[in-house]
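Q: Pasting the sequence and the predicted model now:
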Amino acid sequence: MSRELAASGILTNVVMPGFTPADKPMPPELIDKASTAAATRRVTHPDYVARMIVFLCSTANTNTTGEAIRTDGHFLSPS
């Protein structure tokens, strides 16, 4: 899609949020385990994902296209 649409000024990307606790409360043990598995040592908050999407859809994004962007703090599977 990015190859076909970029010439028309349409940028296409994929945002991959990974583990993102949202509306339902999560057990603290699960949050701790997920935090430990992320390089940032915290779980992804929905606002982090939203900010990436807002950037990608804004006029500030002039050249990012055809990308799969992880917004998960570099989450690795907990051991």
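A: Right, received. Where do you want to start? Residues are numbered from 1 along each chain as shown.

Q: Could you list the low-pLDDT ranges of this structure?
A: 77-79 (pLDDT under 70).

Q: In it, spot the helix with the most residues.
A: Ranked by residue count, the top helix of the chain under DSSP state H comes out as helix 46-57.

Q: And residue 69, which helix or strand is it part of?
A: Residue 69 is located in strand 67-70, with elements delineated by DSSP states H and E.

Q: What residues sit buried inside that strand?
A: residue 69 (16 or more other C-beta atoms under 10 Å). Using the backbone N, CA and C atoms, a C-beta is placed for each residue, glycine as well.

Q: cool, and stretch 16-36?
A: In stretch 16-36, counting by 16+ other C-beta under 10 Å, buried: 17, 18, 19, 20, 34, 35.

Q: Grab the nearest non-local neighbour of residue 70.
A: For residue 70, ignoring the flanking residues on the chain, the nearest one in space by C-beta to C-beta, 6 or more residues apart in numbering is residue 16 at 5.0 Å.

Q: I figured that neighbour hits residue 72, correct?
A: Yes - counting by C-beta atoms under 8 Å, residue 16 does reach residue 72; the two are 6.9 Å apart.

Q: what sits against the nearest residue to residue 66 once chain neighbours are set aside?
A: Excluding the flanking residues, the one nearest residue 66 by C-beta to C-beta, 6+ apart is residue 2, at 3.3 Å. Shown in contact with residue 2 (C-beta atoms under 8 Å, 6 or more residues apart in numbering): 11, 12, 13, 65, 66.
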